[in-house]
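1. Just a sequence and a predicted model for now, questions to come.
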Amino acid sequence: MDELPVRSGDDVVRVRQHVRNAAAAGGLSLVDQTKLVTAASELARNTLVYGGGGVARVEAVKSPAGRSGVKLEFTDEGPGIPDIDLALTDGWTSGSGLGLGLSGARRLVDEFELTSKPGEGTSVTVVKWSRLTSRCLPRPRATSAGCG
């Protein structure tokens, strides 16, 4: 697991780049890589803007069914989210944004978990799975073995 600080706009860019590399290494399609990077960008920005900074953790994971994926966790010790259901409602914003950040990130990933307590900070964990089992991932050279 890699841990990356989120303390500045430059850190948000570094998190995006790191997630892009992890998603490619994890066998995610280009479309799924883009979805995960977009979600990571929004969550890293929220960690910085609303949480006052924090940490992003990036980890390659395997499902029991053999799929590979990438798990991201963003944590901060900011003011927390007083009403999680409201925060996940499209169009609701606590600031000047469009109100699509958390709900949009949730739609872009396969698993989404948000925990927050006022005065104690916020943690958001997401997972994006590859669409192929590990035995069907591209091989370094052509073989006659199939993925059926």
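-> Arrived safely.

2. What does R14 show for phi and psi?
-> Main-chain torsions, R14, degrees, to the nearest 10: phi -60, psi -40.

3. tell me, how many neighbours does the residue nearest to L28 when sequence neighbours are not counted end up with?
-> Nearest residue to L28, sequence neighbours excluded (CB to CB, 6 or more residues apart in numbering): S130, at 5.3 Å. Where you see a C-beta, it was placed from the backbone N, CA and C, and this is true even at glycine. Neighbourhood size, S130 [other CB atoms under 10 Å]: 22.

4. which residues does S130 contact?
-> 26-29, 32, 67-69, 137 (CB atoms under 8 Å, 6 or more residues apart in numbering).

5. Export stretch 30-45 to CSV, keeping only CA atoms.
-> In CSV, the C-alpha atoms belonging to stretch 30-45 read as follows (Å, rounded to 0.1, in the frame of the first residue of the first chain):
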residue,chain,number,x,y,z
LEU,A,30,-8.8,2.7,-20.2
VAL,A,31,-12.4,3.7,-19.4
ASP,A,32,-12.2,2.3,-15.9
GLN,A,33,-8.8,3.9,-15.3
THR,A,34,-10.4,7.3,-16.3
LYS,A,35,-13.3,6.7,-14.0
LEU,A,36,-11.1,5.9,-11.0
VAL,A,37,-8.7,8.8,-11.7
THR,A,38,-11.7,11.1,-11.8
ALA,A,39,-13.1,9.8,-8.6
ALA,A,40,-9.7,10.0,-7.0
SER,A,41,-9.2,13.6,-8.1
GLU,A,42,-12.5,14.7,-6.6
LEU,A,43,-11.9,12.8,-3.3
ALA,A,44,-8.4,14.2,-3.0
ARG,A,45,-9.7,17.7,-3.7
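
6. ok, which stretches of the chain are helices?
-> For the chain, helices defined by DSSP state H occupy the ranges 9-25, 30-49, 84-87, 101-108.
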